[in-house]
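A.B. asks: would you be able to build a 3D model of this:
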Amino acid sequence: MSFSSENNAELSADLPDTLKPDNPLWYFALAFWRQPGVQENCLILQHQGWSITRLLSAAWLALNNRLYTGTEDATLTEWRDRVTGSLRAVRQWLPKTNLDYQDLRDNLATLELDAERIELALAWQMLTKNNPEDSTMQGREALIQHNLEAAAPFSGSATGAASQLNVLADILANFPKGALRP
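C.D. replies: Residues are numbered from 1 along each chain as shown. A predicted model of the protein is given here:
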């Protein structure tokens, strides 16, 4: 796997000069991830092509009575594809059962988490810049379901993921109120 310097320059030219990795979306992601059932269901969805960052953004917005449209900034999706996705692909490619690769797998997992944190910072920046308006949708549960479905990688993929989305929606419906607002 290699990147040409031309491709790297294209990505870095679009990266913001400053980011806020410590933001309410990141803290929500940490708290939500610790809830029983969240990690397992998000990883199942990720294996089906879903972006956990999109799911977390959609969930956080729903808890703050904001509509998630599914629209993302090109820099965010490019970061996900080129950086986070590449690190994940390399880590998953290494044999899990061979202890000779364990240190490398562990280091890649740490780098992948760092890349995900930057990805969430990019999402946070986009969400606060575009600042979606309060939802007019009736009921917290309806908004949660709508936002999670809007995080789908393509039209129709929410149908095949109904079981995982329902688990996440139930957890979100009972998630403590008072998360920091966008």
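
A.B. asks: surely W50 forms part of a strand?
C.D. replies: No: checked against DSSP: H, G, I helix; E, B strand; the rest coil, W50 lies outside a strand; its state is coil.

A.B. asks: quick check, pLDDT for it.
C.D. replies: Looking at W50, its pLDDT is 95.

A.B. asks: ok, and the closest non-adjacent residue to L15?
C.D. replies: Take L15 and drop its neighbours on the chain: the residue closest to it by CB to CB, 6 or more residues apart in numbering is T75, 6.4 Å away. All C-beta spots, glycine's among them, are computed from the backbone N, C-alpha and C.

A.B. asks: for that neighbour, grab the count of nearby residues.
C.D. replies: Number of residues near T75 (other CB atoms under 10 Å) recorded here: 16.

A.B. asks: quick one: contacts of the one helix or strand it maps to?
C.D. replies: Element membership of T75, judged by DSSP states H and E, is helix 74-79. Here helix 74-79 makes contact (CB atoms under 8 Å, 6 or more residues apart in numbering) with 11, 14-16, 53, 115, 118-119, 122-123, 126.

A.B. asks: tell me the mean pLDDT over it?
C.D. replies: 94.

A.B. asks: list the buried residues of the helix or strand just after that helix.
C.D. replies: Where DSSP H and E defines the elements, the next helix or strand beyond helix 74-79 is helix 85-93. Residues of helix 85-93 classed as buried: 87-88, 91 (neighbour count, 16 or more other CB atoms under 10 Å).

A.B. asks: and the residue of the chain most remote from its centre, how close does it get to T136?
C.D. replies: Of all residues in the chain, D100 has its C-alpha farthest from the mean position, at 30.7 Å, by CA atoms, centre = their mean. According to CB to CB, to the nearest Å, D100 stands 57 Å off from T136.
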